[in-house]
Structure formats: C-alpha cells, structure tokens
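K.L.:
task: produce atomic coordinates for the following.
(chains A, B, C and D)
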2 protein chains.
Amino acid sequence: MPEAKRPKGPLTIYDVASRAGVSIASVSRVLNGQGSPKAATRERVLTAVAELGFVPDGAARALSNGLKEVVGVVFRRGDETPFPHEDESFLFIDVIYRGIDFAARRRGFDVLMGSVGFNDGNVATRVAAVAGKADGLILHDRMISSTSIMRLASMLPVVTLAGTPTRGAMNVRCDNEAGMRELVRHMAVHHGYKTLGYLSGRNDSPDNHARAKAIEIEAAKHGARVEPGDWQGDYSAAGGAKVINALVDSGKKLPRAILCANDQTALGAMYALARHGFSVPEDVAVTGFDDVPVARHLHPPLTTVRQPMQDLGATAFDVLYSKISTGKSEADVVLPVQLIVRESCGCTAGEDGA
Amino acid sequence: MPEAKRPKGPLTIYDVASRAGVSIASVSRVLNGQGSPKAATRERVLTAVAELGFVPDGAARALSNGLKEVVGVVFRRGDETPFPHEDESFLFIDVIYRGIDFAARRRGFDVLMGSVGFNDGNVATRVAAVAGKADGLILHDRMISSTSIMRLASMLPVVTLAGTPTRGAMNVRCDNEAGMRELVRHMAVHHGYKTLGYLSGRNDSPDNHARAKAIEIEAAKHGARVEPGDWQGDYSAAGGAKVINALVDSGKKLPRAILCANDQTALGAMYALARHGFSVPEDVAVTGFDDVPVARHLHPPLTTVRQPMQDLGATAFDVLYSKISTGKSEADVVLPVQLIVRESCGCTAGEDGA
DNA sequence: CGCTTACCGGTAAGCGCTTACAGCAGCCGG
DNA sequence: CCGGCTGCTGTAAGCGCTTACCGGTAAGCG
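P.N.:
Sure thing, here's the model as predicted:
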C-alpha cells in the first residue's frame, strides 16, 4: 500500500490541512475561491486534495453556509400498473424531471427525487423528509393538502406544479383550458362533430374540473353537445378502458368524439374501443392530452394537446431558484400549450407537429 | 395574523422546544422515536411541531449522525440531439432512475440526480459535488477515469453501472455477452443468415468491445461471417444513420443482417435504410439492444435484447445500501438479459415478449 | 532603520441537530 | 423514613465546514 493508510473514518478538511501543512481555513478558502491565498499555499492544498481524493462533506457545508444547493421534487409515481404500454405513459414525470435537472445544472444545484406511490401512506412524512434536505421544493399537484403546503412554504420556498396557486407557495402550470378550448374548436368546427364526451380524470383534481368546464363552454359556443353520464376516469389507461367498456356494455350510443383527460386515458379508451370493434376515428374520434412520447405511435396516432413538460420543469426550477437566491417570486406562471393534430381526431396523416 | 410572528430566520428545534416548554433534546427524541418520552411530553412536542410546521434540517441531521439518507446518481444525459424520435430513446436512463428510486424509497433514502451532458466539461467536479451530498454514489459507465473512481471509492461507497468492476468500487451490469450470443444464434441458426454486420457503439466503451467479441465468436461457431469495415457508431441514432449512409454510398453490399449496439443506433439505421429504399427485414434484418420503450413501436417492431433496466437500478441501490449500512459488498453483480423477438429480424408478428 | 500598511493565514465561533452523560424526581424495599 | 433504583429530562459536546476577526510578517515609506 503506497499511501500512508488513513487512521480512521472519513477524510476531513483537517486531514487535508495537516497534509498540506496549512490550517483548515486555508483549505476551505482554496476550495471555495474565497480570499486570496498565496499561489504556493493554493498549490499545496490542491496537491493534498488530489492525493487524498478529498471531497468536502455537503452536509457540513450546507449547515455552515445555509445553502444546500439542492431542490427537492416530489411526485406521485405509478405503482406498477400492468396495463399494456402503460409503463411508458408515466414517463411524462421523467420529462419534467429532465427539465428541472437541466435548469438546476445551470445553477450548480442538484435535484433530489422523492416520489411516492399513489397508494403510499404518509405522504406528508415523505415530503417533509425531502423538504429537510433541500433549499426549495417542487410539488406535484395534490400531493398534500393546501394547509400543509402553506405550512411548508413557511419553512422553505415551494413551487407547485400544474396545480392552483396556494397562499404562500408559487405555482407553475400550463394553460390547459386554452388548449382544451382549441381542441374542442377543432373537433366541433373543423370536423363538425356534434356530440362530444369527456372522459375525465381523477375527481379530486382541480385541473380536471377546469378542463371539463372549458369543454362545456366551448362546445356550447359552437353548437356541439357534451354527453352527460358516468364518464369518470382516473388518468390511467385502465380507468379509460373501464369507462368505455361500461359504456358499450350499457348499450348507450357513443358520442361522435371522445376527449380524454390525458393520453393514458385515451390509450385505454382506444384499446377498449378496438376490442369492441369500433374503429377510430371513423366510428369514434378520440383525443388525448399531454402528448406523451408514445402518443404518436398509437394506431391511429393520437391527436392531443402538448404540454411543454420539459419547460414546465425548467420553469419551476427557475422560479424556485430566483426565490431562493433573491427572495423574489412570481406567484403564478402559466405556460402556453400546443394543439397537436394527428389522426385519431379524423384528420389525415402528415400533420404531426413533432 | 393569528400566530405570533416568528422573529427571524428559519425555524429550528429551539423554537419548537421553547414553544413546547421542553428541551431540545426532548424534541429530538420525540421526532426520532428514541428513548421513551412521557406521553405528555410527546404530545406537547408534536403539537408545537404541527403548529409551527417545523421540518428538521437535513443537513444538520446528516452532519450529526453521519447519515444523509441520500444516494447520488450521476449519468450522462443527451444534449438535445434533434434526431426524430430520439428524445424518447434516452428514456432508458429514466427507467434506471425509477428502479433506483423504488428501491431507495423502501429504505427511506432519497435519490440525488446529478446528470451531466455528453459534452460537459468538468465532469469530475459535478461528480464530486454530488458525492459530497450523498452517502453513496451510483455512476454510469465511463463517467470518470478508473483512477478517479478508486479515489472516490475511498471516501464513500461507489457502484458503477454497466461497466467493468473497478478496484474499490462495486459494479452492477447485465449479461450483455450472453444476450448478444443468443441474438447471434437466433440470427444465424433460426434465420440462417450468413453475413452479419455489427454497428458498434462508442469506441471508448468496454461494453461495446465485449459485445463485438461475443458476436465474432458466436458467429464463427455457427458458420456466419461478420462483415469487417468501418462500422463505428456512437450509440446515437444519428451515428447509426451516418454509418448506413456511408455504407450505402460506398456501394458496398450490405450484409444480410445488421446487429446494432443499441436501440438508438438501430433506430437511426432503420431510418437510413428506409430512405435508401431497403426494406427491413426483407432486404436487411436489423436488431437493437436494450429494448427501450419505443422499440416495439418501430416499423417493423424491433427485435432486441432486453436489459432489465429497472432491476439494474434497483439492484445498484440495494448493493450500495448494504455497503452503506453493513459495510458488506458484492463486487460484481450480473443480471440476466432476455432476447425479445419481434419482426425486424425476419420473424412474424405476435411474438412480442412484452 | 523604525514605523505604517497591506496582506495572509490561523484561531475559534457557530450553523442545527443527536446523544452521552448527568441530574432529578418518584418509587420500592429495608 | 431513607438509600438506591428506575425513568425521564436537560446540559453540553461535537459532527465538518465557513468565515469573522485578529495577529504576524513583509513590504513601503519617511
């Protein structure tokens, strides 16, 4: 063993200091570029650091200067739903992560993931654990009660994603209502469909209600009718399929077009429709929402509304960062969405907005 | 404002203590379930915590008890290559993350992402930053030199993914050679193809060389020939397409089957072949490696070898965790892969292994 | 040649938490 | 009725680092 064996435990700044023959303060200064150490000192410290392979402890650093350089992100993540293709559909979360990650990297921050399953018990505990390890928090819609959000927000900056602004926290979201209106317009005006159905998302999602209302209003404006009845999905493919199955079994007549709350739901709906012998879009047009990666690979390719997921993540980070570093914040940021016309609405190929 | 305004800065355990009328030690004990505080004490502390919305500082905790409950993960992440469909192809990283995340959750750990772009400069710095904030590190193959890995490994447990074991670090990988052999056997024996090409990955990847050699050997064993020449790809779709274009332009005769180093490369290759009027698999069979989500949506669906990415991530975490908590480690863990026969090899539909 | 000024580098305090240790009740048995 | 327990609770040390503050040294100047 060529190097002298280190006597004990993890390497600290003291080990570096004694090896370099300087004080810990100098080591710290060299490592952080503070002050103006003499070239010789810097040299010796750097050498010692390299030889030892020293990496300063982030916790100690964070404790000392009050900055962890970490943002926490907590999402719900599916609990392994084995619906065909569904493994991929959750990837929109990953795209958001990627956006956060890109933005964070620019500032030297790292991203702490703390996802929880849909059925996990004490979400609040998980969130708190992540919050304690971060300088700021990005939370998905409906993770915890707005009371809890307010409380958290009193300890550290919080950004909610795709939710409604909560007192004390910031929010970043897409303009889903505008997207939904544009979609309805496309269906009702361009295609002239007169009967629409909204295959909804989880009932506890405010976003879901907003979309439903947007459809209602826009449809009325263009003389289309929204089918009433039990169209309650849950944002999952299985949920979408179940609704369609129930509908078909009940013998009711299907509307000319079914607008789904998200792409997963559309996936399940199309799957169920195909099994019952309906063809999309000839018999029933179907649309999604989100534009997850698989959307363009479905048969037929799914007409949907693209949410700029990556931007969403990046923006969330930027908003959070500016709050962390300057204390300034924008309470509610809204990003535009884009209608992606493919074939499931009845249009013909070649219009993929990708 | 109903609550008394907190005088300054962030809430600490002292604030909770004084509000509850107990000492900080008691607060800590209640919060951590250590000792056996009297019910009354516990009650008062819990109340104070709830009223204040207190979240203990993770850095201080980590510093104090030497455990951050964080694993760092550093990957290379694509720098926005705008090849069609390629955005999705990088998702295999996300699947690994998911595996790590699931496994970490079970142990109350969180995952710190610290990806770097392929062209980012000081990777070592990024890695060090993440290392300092974590109890253990998961690194993708070829992130940093093996010397650096060894040095890092002397500070904290390190697991490399899909690499070759480095002295001091642990490694988790898939049995790619076996997968490649099985694939070659399928092509040479089942389909009887006599000429094969290997569209390789990055030249600096040991894994790539291992695959190349596995092909060589297995092909020879079954009387097939591996086409020599410049088949150097780089694991990207663009790289795959470029090789095919060059090949076709040079007027050389294509082999009967092209085995690609990974799915992205296959994607690019198929794209290029189509543009030159070759049909897959009739004129040339193409196979991938990895089984990324889009693989089954290509035309024709891609025959490939599935690496259990999620398991890979989960296993990496588990290995790391056992090292962190017990000090024990397994130096090299090998996971089995699975041949996924679809249509791009010449088989007919209905055999999707999904 | 002695004093000022500037510049480095070292010492020590403190970040918020955990926990060893000590102290103080209340309780038992003697 | 008191010593010794037992069972909580409080005090204080210390985790590894940053940085305010101060002392020492060397250079500059009269």
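K.L.:
flag every residue of chain A that's near DNA strand C.
P.N.:
Neighbours of DNA strand C within chain A, by C-beta under 7 Å from any atom of the strand: A:22-26, A:35-38, A:40-41, A:60, A:63-64, A:66. Bear in mind the C-beta positions are built from the backbone N, C-alpha and C, glycine included.
K.L.:
swap the cut-off to 10 Å and go again
P.N.:
Selection of chain A residues close to DNA strand C by C-beta under 10 Å from any atom of the strand yields A:13, A:17, A:20-30, A:34-42, A:44-45, A:59-66, A:132, A:155.
K.L.:
also near DNA strand D: which of those residues, exactly?
P.N.:
Checking the residues of chain A next to DNA strand C against DNA strand D (C-beta under 10 Å from any atom of the strand), the matches are A:13, A:17, A:23-30, A:34-35, A:59-66.
K.L.:
contacts for stretch A:128-138?
P.N.:
Defining contact as C-beta atoms under 8 Å, 6 or more residues apart in numbering or on different chains, one finds that stretch A:128-138 is touched by A:67-74, A:100, A:109, A:112, A:114, A:127, A:152, A:155-161, A:313, A:316-317, A:320-321, A:323-324, B:55-59, B:61-62, B:68-70, B:108, B:110.
K.L.:
same thing but at 7 Å, please
P.N.:
The contact list for stretch A:128-138 (C-beta atoms under 7 Å, 6 or more residues apart in numbering or on different chains) reads A:67-74, A:100, A:112, A:114, A:152, A:155-159, A:161, A:316, A:320, A:323-324, B:55-58, B:70, B:110.
K.L.:
kindly report the same for stretch A:243-261.
P.N.:
Against stretch A:243-261 from outside (C-beta under 7 Å, 6+ apart): A:183, A:187, A:193-201, A:208, A:211, A:215, A:227, A:231-233, A:235, A:240, A:266, A:269, A:272-273, A:276, A:284-289.
K.L.:
now restrict those residues to buried residues only.
P.N.:
A:183, A:187, A:193, A:195-201, A:208, A:211, A:215, A:227, A:231-233, A:235, A:240, A:266, A:269, A:272-273, A:284-289 (16 or more other C-beta atoms under 10 Å in any protein chain shown).
K.L.:
which ones among those map onto helices?
P.N.:
Using DSSP state H, the members of the buried ones among the contacts of stretch A:243-261 that fall in helices are A:183, A:208, A:211, A:215, A:240, A:266, A:269, A:272-273.
K.L.:
just to revisit the earlier point, among the ones next to DNA strand D among the residues of chain A next to DNA strand C, which are in helices?
P.N.:
Among those, the members falling in helices (DSSP H) are A:13, A:17, A:24-30, A:59-65.
K.L.:
do a quick rundown of the strands in the stretch 201-350 of chain A.
P.N.:
Here the stretch 201-350 of chain A has its strands, by DSSP state E, counting those that start in this stretch, at A:225-226, A:257-260, A:285-287, A:304-306, A:332-335, A:338-340.
K.L.:
can you lay out these as a markdown table showing distance to B:V333?
P.N.:
Below are the strands of the stretch 201-350 of chain A laid out as a markdown table (distance: least, C-beta to C-beta, whole Å):
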| stretch | distance to B:V333 |
| --- | --- |
| strand A:225-226 | 55 |
| strand A:257-260 | 42 |
| strand A:285-287 | 44 |
| strand A:304-306 | 40 |
| strand A:332-335 | 42 |
| strand A:338-340 | 42 |
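K.L.:
would you turn those strands into TSV with mean pLDDT and distance to DNA strand D?
P.N.:
Formatted as TSV, the strands of the stretch 201-350 of chain A follow (pLDDT from 0 to 100; distance: least, C-beta to the nearest atom of the strand, whole Å):
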stretch	mean pLDDT	distance to DNA strand D
strand A:225-226	92	59
strand A:257-260	96	51
strand A:285-287	97	53
strand A:304-306	95	43
strand A:332-335	94	31
strand A:338-340	95	44
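K.L.:
so which of those strands is the most surrounded?
P.N.:
strand A:257-260 (a mean of 30; mean count of other C-beta atoms under 10 Å in any protein chain shown).
K.L.:
can you dump the C-alpha atoms of that one in CSV for me?
P.N.:
What follows is strand A:257-260, C-alpha atoms only, in CSV (Å, rounded to 0.1, in the frame of the first residue of the first chain):
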residue,chain,number,x,y,z
ALA,A,257,-65.8,12.1,-30.4
ILE,A,258,-64.4,11.3,-27.0
LEU,A,259,-62.0,13.8,-25.5
CYS,A,260,-59.9,12.2,-22.9
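K.L.:
who does it pair up with?
P.N.:
Taking DSSP bridges as the criterion, strand A:257-260 forms sheet pairs with strand A:195-199 (parallel), strand A:285-287 (parallel).
K.L.:
if we can go back for a sec, in ChimeraX, how would I select the buried members of the contacts of stretch A:128-138?
P.N.:
In ChimeraX, a selection of the buried entries from those looks like this (16+ other C-beta under 10 Å):
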select /A:68,69,70,71,72,73,74,100,112,114,152,155,156,157,158,159,161,316,320,323,324 /B:55,56,57,58,70,110
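K.L.:
of the contacts of stretch A:128-138, which belong to helices?
P.N.:
Counting by DSSP H, these contribute A:100, A:152, A:316, A:320, A:323-324, B:58 to helices.
K.L.:
so who does the nearest residue to A:T304 once chain neighbours are set aside touch?
P.N.:
Spatial nearest neighbour of A:T304, excluding adjacent residues (C-beta to C-beta, 6 or more residues apart in numbering or on different chains): A:G288 at 3.9 Å. By C-beta under 7 Å, 6+ apart, the contact list for A:G288 reads A:260, A:262-263, A:266, A:295, A:302, A:304.
K.L.:
flag whichever of those scores worst on pLDDT.
P.N.:
The pLDDT minimum for the contacts of A:G288 sits at A:A295, where the score is 83.
K.L.:
which residues touch it?
P.N.:
The contact partners of A:A295, taken as C-beta under 7 Å, 6+ apart, are A:263, A:288, A:302, A:304.
K.L.:
can you pull the residues of chain A lying near DNA strand D?
P.N.:
Residues of chain A that fall close to DNA strand D, judged by C-beta under 10 Å from any atom of the strand: A:8-17, A:23-35, A:54-67.
K.L.:
go again with 7 Å.
P.N.:
For chain A, the residues in contact with DNA strand D (C-beta under 7 Å from any atom of the strand) are A:9-10, A:12-14, A:24-25, A:27-29, A:31-32, A:34, A:56-57, A:60-61, A:63-65.
K.L.:
A:V286 against A:A269, yeah?
P.N.:
Yes: A:V286 is within contact range of A:A269, at 5.8 Å (criterion: C-beta atoms under 7 Å).
K.L.:
apart from its neighbours in sequence, what residue is nearest A:E218?
P.N.:
Using C-beta to C-beta, 6+ apart and skipping the chain neighbours, the partner closest in space to A:E218 is A:V184 (4.0 Å).
K.L.:
where's the residue of the stretch 101-250 of chain A found nearest chain B relative to A:K68, distance?
P.N.:
Across the stretch 101-250 of chain A, the shortest distance to chain B (C-beta to the nearest C-beta) belongs to A:R151, at 3.1 Å. As judged by C-beta to C-beta, to the nearest Å, A:R151 and A:K68 stand 20 Å apart.
K.L.:
run through the residues of chain A sitting next to chain B.
P.N.:
Applying C-beta under 7 Å from any C-beta of the partner chain, one finds that chain A approaches chain B through A:10-11, A:53, A:55-60, A:62-63, A:68, A:70, A:84, A:88, A:91, A:94, A:101, A:110-115, A:128-133, A:151-152, A:154-155, A:293-294, A:297.
K.L.:
just the residues contacting stretch A:68-75, thanks.
P.N.:
By C-beta under 7 Å, 6+ apart, stretch A:68-75 touches A:62, A:93, A:97, A:100, A:104, A:108-116, A:126-127, A:130-131, A:133-140, A:143, A:317, A:320, B:59, B:112, B:133.
K.L.:
pull out the buried residues from the residues you listed.
P.N.:
By 16+ other C-beta under 10 Å, the contacts of stretch A:68-75 give A:62, A:93, A:97, A:100, A:104, A:109-116, A:126-127, A:130-131, A:133-140, A:143, A:317, A:320, B:59, B:112, B:133 as buried.
K.L.:
from the ones in helices among the contacts of stretch A:128-138, which two are the most distant?
P.N.:
Pairwise distances across the ones in helices among the contacts of stretch A:128-138 (C-beta to C-beta) peak at 20.7 Å, for the pair A:A316 and B:G58.
K.L.:
brilliant, that's me finished.
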